[in-house]
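S.K.: Need a 3D model of the following:
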Amino acid sequence: MTAAFLLFAPPATAGILSPLPPPPVPKENLQTPEKIELGKKLFFDRRLSGDGTMNCASCHIPDKAFTDGQELSLSYPTTRNWRNAPTLINAAYFRHLFHDGRAASLEEQALFPIMSPFEMNLNLDFLEEKIRAVPEYDGAFRKVFGGEPTRMRVAMAISAFERTLVSANAPIDRYLAGTQDALSPEARQGYGIFTGKGKCADCHSGPLLSDERFHALGVPEKTEHLKDPRITATRRFVAKVYGYEDYRSLEEDPGRYLITKEKKDWKAFRTPTLREIAKTAPYMHNGTLKTLEDVIEFYDRGGGPGNRELSPLGLTVKEKQALKTFLVEALTGDPIAVKVPEIPR
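M.R.: Numbers count the residues shown, from 1 in each chain. A predicted model of the protein is given here:
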């Protein structure tokens, strides 16, 4: 055994990361090629927005790892979203969708953006009639589902397509399977920091590199966001919908608290997957950290004001660089090729 291998060998906690298994598929919505293709067409169809200007791919762009690359997600005209667009890659594996975990399945998640007034803003009754009025869609739904288009079948088809967006065969998968040279020496050093001194794997563990839990890390609000009346309206609207009594005086994002009303969830957000992390900037629920260097510095400081979980790490400059190298080199899988389909007229 060489000295170099001893230096970069996985620590005793290496089992906390693991290769990605095939995505789970609910028995109520089994995958078929025809359903996946129908879902892909709907995903790229601007009919699914109120004014015909947006589709799912507006905020989940294939070339941007199914994010939109913006600080805050793209918004319906005259409105502004209040959160960053999370990647759809590997969304099939999550038990909680959205930054606040409000949806328990892709099928439940799919309709939220369509009907949201600050996203695609389309009434779901009208959605059904728009899709039923297109002969190609009507025929496709009857072939795939044995019946006419409905909002739930729209959600099921889109979900079937989204379950194909899987990041697999990343260098970390090959490394964990025993191929030592799948990671460069610096990336192997970064892996040791990730699972050791950096404490990243305390939350970013398992095949998804996420514990799927919710954490309040003190991610700062941006002054610009707090002063934007469009974001204020969005914040108040969502809080009102979720029964937050004093929604008009709310001046920050309560995170998971809006869903559970539990004090521990105040400003807590879901741990995101780190797979494809090099392609999903900017980071955090409000996109306030622009680069991976910013993210590493945030954690090295011990999080933001009021955080209840982090403490300073004391990483050296070389350790930070090695950690970044691991994140960039090790967690990027094979390219996900998606050809934009021809949309029915």
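
S.K.: Point me to the helix or strand that includes L74.
M.R.: L74 belongs to no helix or strand when assigned by DSSP states H and E.

S.K.: give me every residue that touches it.
M.R.: By CB atoms under 8 Å, 6 or more residues apart in numbering, L74 lies in contact with 54, 58-59, 68, 81, 85. Where C-beta positions appear, they are placed from N, C-alpha and C, glycine not excepted.

S.K.: can you put those residues in JSON lines and add distance to H99?
M.R.: As requested, the contacts of L74 are exported to JSON lines (distance: CB to CB, whole Å):
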{"residue": "M54", "distance to H99": "20"}
{"residue": "S58", "distance to H99": "18"}
{"residue": "C59", "distance to H99": "13"}
{"residue": "D68", "distance to H99": "15"}
{"residue": "N81", "distance to H99": "11"}
{"residue": "A85", "distance to H99": "10"}
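
S.K.: could you pull out the strands for this structure?
M.R.: Residue ranges of the strands in the chain, as given by DSSP state E, are 214-215, 269-270.

S.K.: if we compare these, which one ends up closest to D100?
M.R.: strand 269-270 (6.7 Å; CB to CB).

S.K.: Packing partners of the closest one?
M.R.: strand 214-215 (3 or more CB pairs under 8 Å, 6 or more residues apart in numbering; DSSP states H and E).

S.K.: Any stretches of the stretch 1-150 of the chain with poor pLDDT?
M.R.: For the stretch 1-150 of the chain, applying pLDDT under 70 flags the ranges 1-15.

S.K.: Tell me who's in contact with the most centrally placed residue in the chain.
M.R.: Using CA atoms, centre = their mean, the residue of the chain that lies closest to the mean C-alpha position is P86, 3.1 Å off. By CB under 8 Å, 6+ apart, the contact set of P86 is 67, 98-99, 272.

S.K.: Helices along this protein, start to end?
M.R.: Using DSSP state H, the helices of the chain run over 3-8, 33-43, 56-59, 106-115, 124-132, 135-145, 151-162, 171-176, 185-195, 223-227, 229-241, 257-260, 292-300, 317-330.

S.K.: Show me which of the contacts of L74 is closest to R236.
M.R.: Using CB to CB, the contacts of L74 come closest to R236 at N81, 13.8 Å.

S.K.: so who does the closest residue in space to L315 that isn't next to it in sequence touch?
M.R.: What sits nearest to L315 in space, not counting adjacent residues and going by CB to CB, 6 or more residues apart in numbering, is D300, at 5.0 Å. By CB under 8 Å, 6+ apart, the contact list for D300 reads 312-315, 320.
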